[in-house]
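Participant: the sequence and its predicted three-dimensional model are supplied below.
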Amino acid sequence: MRPALETTGLGIRYRRTWALRDCSLAVPTGRVAALVGPNGAGKTTLMHAAVGLLRPALGSVRVTGEAAFVAQDKPLYDSFTVAEMLAFGRRMNTRWDHAAAADRLAGLGIPLSRKVRGLSGGQQAQVAVTLALASRPDLLVLDEPLANLDPLARHEVMRSIMGEVAGRELTVLLSSHVVSDLEETCDWLVVLNGGRLQVSGDIEDLLDRHLVLTGPEGASAAGTQVVSASRTGRQLGMLVRGGPPLDPRWQARRPGLDELVMGYLRSPESATLPGMTAVGA
Ligand SMILES: Nc1ncnc2c1ncn2[C@@H]1O[C@H](COP(=O)(O)OP(=O)(O)OP(=O)(O)O)[C@@H](O)[C@H]1O
């Protein structure tokens, strides 16, 4: 099956600044892909390219089917009621599923008669996601859908997105700064750092292929590929690929998603991408 989103050698620049360089990735259909990276990493740029808001300067980007996009600042009109937002969406889209949108909002307990400005942040996020889903996209692209939401609302938004993915062949690409929000729901990981792709792959597979090592100073990491290393007093800590290490002084365990992401972000020269055999290539 063709991937839902595929970029090949993608390069995007704003005048002279390259925001994204040599980015080749493929997100398979039906995945919920987390797009993470520090401020300025190129996440919004990649999303804008995916939905056709930015043209590549180099390479290509291809979406299988239709994409819908929810921008960071939730594109809703404050003075509209929810019903007016739905009517607006209906006029703007040819593939509009009005009944599904109304059902979804009813299920979430969001009154159609309420003005957008009278909704909580979590409800506004839900309305924006509902509008995007009502256009029946194959790829749903969400730029920080959880920003400014409390933990309960973040959980609710993620849960409802998962519900949509379970029901059909929808692929989701969503950016977030809070990796712990993504652990439960995302099954694909894309890490960008300084405009470069560092990690792209299935999350379980990535976690299986890495180890967190802790051991004394002088312990050798032979038998592994070191992604990043840190020191606390006389203790060494490492994120490595492959292994287990030959030196028995290490304690080794599977990383959590946040440890995997942090390990790569700390070491921008490291990367793990499909088809790659060595860390740091
Ligand atoms: N309109 C623009 N004009 C010039 N440079 C831009 C523009 N938009 C983004 N950039 C630059 O491109 C790079 C990538 O920005 P982008 O917004 O894609 O990052 P991001 O990962 O989404 O960041 P954040 O987490 O802060 O939202 C940054 O260096 C940014 O300063």
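Facilitator: It's in.
Participant: you'd agree residue 56 is up against residue 11?
Facilitator: Yes - counting by CB atoms under 8 Å, residue 56 touches residue 11, with 6.4 Å between them. Bear in mind the C-beta positions are built from the backbone N, C-alpha and C, glycine included.
Participant: just for this structure, where's the confidence low?
Facilitator: 276-281 (pLDDT under 70).
Participant: residue numbers of it in contact with the ligand?
Facilitator: 14, 17, 19, 37, 39, 40, 41, 42, 43, 44, 45 (CB under 6 Å from any ligand atom).
Participant: repeat the analysis, applying 5 Å as the threshold.
Facilitator: 14, 19, 39, 40, 41, 42, 43, 44, 45 (CB under 5 Å from any ligand atom).
Participant: how far does stretch 12-21 sit from the chain's center?
Facilitator: 21 Å (CA atoms, centre = their mean, to the nearest Å).
Participant: buried residues in it?
Facilitator: 12, 13, 18, 19, 20, 21 (16 or more other CB atoms under 10 Å).
Participant: other SSEs contacting the strand or helix carrying the last one?
Facilitator: I take that to be residue 21. Assigned by DSSP states H and E, residue 21 belongs to strand 17-27. Packed against strand 17-27, as judged by 3 or more CB pairs under 8 Å, 6 or more residues apart in numbering; DSSP states H and E, are the following elements: strand 5-14, helix 43-50, strand 58-63, strand 188-193, strand 196-202.
Participant: could you redo the last one with a cut-off of 6 Å?
Facilitator: strand 5-14, helix 43-50, strand 196-202 (3 or more CB pairs under 6 Å, 6 or more residues apart in numbering; DSSP states H and E).
Participant: I'd like those written out as a markdown table, with distance to residue 262 added.
Facilitator: Below are the helices and strands packed on strand 17-27 laid out as a markdown table (distance: least, CB to CB, whole Å):
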| stretch | distance to residue 262 |
| --- | --- |
| strand 5-14 | 24 |
| helix 43-50 | 16 |
| strand 196-202 | 12 |
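Participant: flag every buried residue along stretch 149-165.
Facilitator: 149, 153, 154, 155, 156, 157, 158, 160, 161, 164, 165.
Participant: how far out from the middle of the chain is that stretch?
Facilitator: 14 Å.
Participant: for that stretch, give me every contacting residue.
Facilitator: For stretch 149-165, contacts defined as CB atoms under 6 Å, 6 or more residues apart in numbering pick out 32, 121, 122, 125, 133, 145, 146, 170, 181, 185.
Participant: okay, and which of those map to helices?
Facilitator: Taking DSSP state H, the ones among the contacts of stretch 149-165 that sit in helices are 121, 122, 125, 133.
Participant: and for the last one, the neighbour number?
Facilitator: One way to gauge burial is a neighbour count; for residue 133, by other CB atoms under 10 Å, it gives 20.
Participant: distance of it relative to the ligand?
Facilitator: The gap separating residue 133 from the ligand is 23 Å, by CB to the nearest ligand atom, to the nearest Å.
Participant: excluding chain neighbours, what is closest to that residue?
Facilitator: Nearest non-adjacent residue to residue 133, counting by CB to CB, 6 or more residues apart in numbering: residue 164, 5.9 Å away.
Participant: for the helix or strand hosting residue 129, packing partners?
Facilitator: Secondary structure from DSSP H and E places residue 129 in helix 121-134. On a contact count with 3+ CB pairs under 6 Å, 6+ apart, helix 121-134 meets strand 67-70, helix 82-92, helix 98-107, helix 151-167.
Participant: what's the spacing between that helix and its chain's center?
Facilitator: The answer for helix 121-134 is 18 Å, by CA atoms, centre = their mean.
Participant: again with stretch 172-185
Facilitator: Using CA atoms, centre = their mean, the offset of stretch 172-185 from its chain centre is 6 Å.
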